[in-house]
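K.L.:
Fold the stuff below for me.
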Amino acid sequence: MDTILIVDDERNYPLILSAVLEEEGFETLTANSGAEALDILAESDVDLVLTDMKMPQMDGIELLERVKAYNPDLPVVMMTAHGTVEKAVEAMQKGAYTYILKPFDNDRLVLYSNKALDLYRVIKENRQLRTAITNQYSFGNIIGKSPRMVEVFDIIRKVSQATATVLIEGGSGTGKELVAKSIHYNSPRRSRPFIPVNCAALAESLLESELFGHEKGAFTGAAATKKGRFELADGGTLFLDEIGELSQGLQVKLLRVLQEKTFERVGGVRSLQVDIRLIVATNKSLKTEVQEGRFREDLFFRLNVVHLALPLLRERREDIRLLVEHFIEKYGAERSSTAPILGVDPDVERLFYDYAWPGNVRELENVIERAMVMCSESTIRLEDLPQDFRDNVEDNLGLSHIPPDARLYETLAQVEKEMILRAMKRANHVQTRAAEILGIGKSGLSQKIKKYQLDFKAID
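P.N.:
Residues are numbered from 1 along each chain as shown. All right, here's what the predicted structure looks like:
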């Protein structure tokens, strides 16, 4: 619902215009001075300013200049009498959308308001689209060639053209929001807003206001009416991250919105209706949360129309090299004054492949970013990696679980055998590539395969 701010020093006039515009489906705010109007703009979401030209202290021209300094795109329609037409023309030269002569009929007021709002809507949509293109939220920005990721791409491609609710499940750092953005920006809604909300980041009382908005005076500190994320996402996509953290009370309210397609702001009585595409994400299993009584089963079924499970990084190790190359390219621009980084040392690559990556892709990105800051050569080496990461890798290898009386030869043989198995699997059983991964010659690898009597036909 569009909000129009009406500014006029005649106290009854804004109330009359407000009644006319609200009857046409607009929401209105009123002010009797330029200063009061600026206070409202600072605290409320406004889509159009309708202001009188002649006012004491701050006239319409000065208010226009202040509004344009605050938001250059926000349309301003000037209301003026015949004697101030020249000033109205000046106002248009300074960025006013148009002017309307007093007295005017209601139809003309509504017509001009709709035209100004349509223009503002197009401007906002174009700005959002340009941002989306700049950020490249497309399939190409999700890196992977593993079978699990190919399956994810296929689901994104299909669901992008639909309006069904999508439930994305995956561990922290697997790229849930990136997938949600890819669905949105490859859909017919790409030119409309993508509005994200982290349900775990706010207390229940604040989250309700954030989602549904609030009316002025609804609670202490609510100095002005504010639109919620549902309204801001109208025509686009609302992304609710960490949906599993939603309280029982908010689960009930969200269910009602999904069932009835309407909601009320906090402290409000008027039902609002919006057109949104809902995508939710969680690092938990919502089915388990339902079984344990922490999540409503009826809401789960409403959300789980299309289910998309993102694999952990350790479940798609064949994508690690691609991701490393992607992040080196991403942060390469920051090294414009030093030698470019061309890749990682084989020892680093082996370490990356063997590590469990509990933080998934986000952890890998952080490690690469930090290593590129510390690296003084063209190749990232072990000493460039964070110390705490190297300590975690050492723990991950399970060295602390080796019995104190273990024989060195037997232990090394077991480790060597395990590394060969991993390298051959990673290289799709191509010995030349596996030898390269291990940092040994092909003949040396062949001898070790015979030594340990390894049968790669039985390996997955």
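K.L.:
Find the nearest non-adjacent residue to residue 302, please.
P.N.:
Leaving aside its sequence neighbours, residue 302 sits nearest to residue 258 (CB to CB, 6 or more residues apart in numbering; 4.9 Å). Heads up, the C-betas are built off the backbone N, CA and C, glycines and all.
K.L.:
name the element that neighbour belongs to?
P.N.:
Element membership of residue 258, judged by DSSP states H and E, is helix 248-260.
K.L.:
That helix - contacts with which helices or strands?
P.N.:
Contacts defined by 3 or more CB pairs under 8 Å, 6 or more residues apart in numbering; DSSP states H and E place helix 248-260 against helix 204-212, strand 262-263, helix 297-303.
K.L.:
elements contacting the last one?
P.N.:
The reference is to helix 297-303. Using 3+ CB pairs under 8 Å, 6+ apart, the elements in contact with helix 297-303 are helix 248-260, helix 286-291.
K.L.:
what comes up buried for the longest one?
P.N.:
Taking 16 or more other CB atoms under 10 Å as the basis for neighbour counts, the residues of helix 248-260 that come out buried are 250-251, 253-255, 257.
K.L.:
And the contacts of stretch 225-236?
P.N.:
In this structure, residues lying in contact with stretch 225-236 by CB atoms under 8 Å, 6 or more residues apart in numbering are 1, 3, 27, 29, 43-45, 184, 189, 192-195, 197, 209-216, 238, 257, 263, 265, 272, 274-277.
K.L.:
same thing but at 6 Å, please
P.N.:
44-45, 189, 192-195, 197, 211-216, 274-276 (CB atoms under 6 Å, 6 or more residues apart in numbering).
K.L.:
just checking, the residue nearest to residue 302 touches residue 301?
P.N.:
No. Judged on CB atoms under 6 Å, residue 258 makes no contact with residue 301 at a distance of 10.3 Å.
K.L.:
pLDDT at the residue lying closest to residue 51 once chain neighbours are set aside, what is it?
P.N.:
The shortest distance from residue 51 to any non-neighbouring residue, by CB to CB, 6+ apart, is to residue 7 (4.0 Å). On pLDDT, residue 7 comes in at 95.
K.L.:
rewinding a little: may I see the helices and strands packed on helix 248-260 organised as a markdown table, with mean neighbour count, distance to residue 149 and mean pLDDT added?
P.N.:
Converted to a markdown table, the helices and strands packed on helix 248-260 look like this (neighbours: other CB atoms under 10 Å; distance: least, CB to CB, whole Å; pLDDT from 0 to 100):
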| stretch | mean neighbour count | distance to residue 149 | mean pLDDT |
| --- | --- | --- | --- |
| helix 204-212 | 18 | 32 | 89 |
| strand 262-263 | 16 | 36 | 92 |
| helix 297-303 | 17 | 23 | 96 |
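K.L.:
Low-confidence ranges, the stretch 251-400 of the chain, go.
P.N.:
Residues of the stretch 251-400 of the chain that meet the criterion pLDDT under 70 lie in 335-338, 394-400.
K.L.:
residue ranges of the helices in it, please?
P.N.:
Using DSSP state H, counting those that start in this stretch, the helices of the stretch 251-400 of the chain run over residues 286-291, 297-303, 320-332, 346-354, 360-374, 387-396.
K.L.:
in stretch 219-232, what counts as buried?
P.N.:
Buried-residue list, stretch 219-232, by 16+ other CB under 10 Å: 222, 224-231.
K.L.:
Could you pull out the strands in the stretch 51-200 of the chain for me?
P.N.:
Secondary structure of the stretch 51-200 of the chain, counting by DSSP state E, counting those that start in this stretch: strands at 76-80, 98-101, 166-169, 194-198.
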